[in-house]
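1. Structure, please.
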Amino acid sequence: MKVFFKFISYLFHPLFLPLAGAVIYYTISPKFHPPEEWQSVILRVSILTLLIPIVFFYLLRNIGWVSSIYLKEVSERKIPLYIYIFLIFMVIYGVVSPIFALELYFYFVGILGSLIACLVLVFFRFKASMHMMGISGLTLFVIGLSFHYEVNITFALALLVFSIGLVASSRLYLKAHDNKELLLGFFIGAVPQFIVFNNWL
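-> Presented below is the predicted three-dimensional model:
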């Protein structure tokens, strides 16, 4: 069971979820997006939100500033969050266009809000679950897409809601977080996405 929950923690690691949101957007959106547009966005989002953070993680681990990819200690979170906030800024201002992909643009704005909230909590020694932050934000985004485009993606939404419970169970089983940290992470991820709905939904 421990191996299974570790696999879930890797599978739903928050680093993967911005890219997952971009892929889901281009899959669901009925708008015409030229292949060169969405392929370019997916590639650059992959580099900025996944590959570069992984490189920085190994660098930070080698110099002893972080101990694991899960950032278990509150003190380990500041520098990775600063780096990731900057990278999300780059995605917002240089990769995702509000003209051609307004919904995706505000998904990343919501992610930025979640990351800033998480960073603020770090200064107060609170450790919110970033796994829950990521999966709840993605779920709210997909719910918004289903209403916005009036598409029936009930099965996908059911899987995402199930994934929220699965992620929460894995983090509790592995003793990575307590109930309060999971609930805090859920709201930090969901609320910014809900707020930006007003700009595109």
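2. Which residue of the protein lies farthest from its centroid?
-> Residue farthest from the centre of the chain, counting by CA atoms, centre = their mean, is residue 63 at 26.0 Å.
3. okay, and for the protein, where does confidence drop off?
-> 69-70, 72 (pLDDT under 70).
4. What strand or helix carries the residue sitting nearest the centre point of it?
-> Residue closest to the mean C-alpha point of the chain, counted by CA atoms, centre = their mean, is residue 134 at 3.5 Å. Applying DSSP states H and E as the criterion places residue 134 in helix 130-149.
5. Which strands or helices does that helix pack on?
-> Packing partners of helix 130-149 (3 or more CB pairs under 8 Å, 6 or more residues apart in numbering; DSSP states H and E): helix 17-28, helix 102-123, helix 154-173, helix 179-200. No exception for glycine: its C-beta is placed from N, CA and C like everyone else's.
6. Ok, which of the ones you listed comes nearest residue 11?
-> Nearest to residue 11 among the helices and strands packed on helix 130-149 is helix 154-173; the distance by CB to CB comes to 8.9 Å.
7. for that closest one, packing partners?
-> Using 3+ CB pairs under 8 Å, 6+ apart, helix 154-173 sits against helix 2-11, helix 130-149, helix 179-200.
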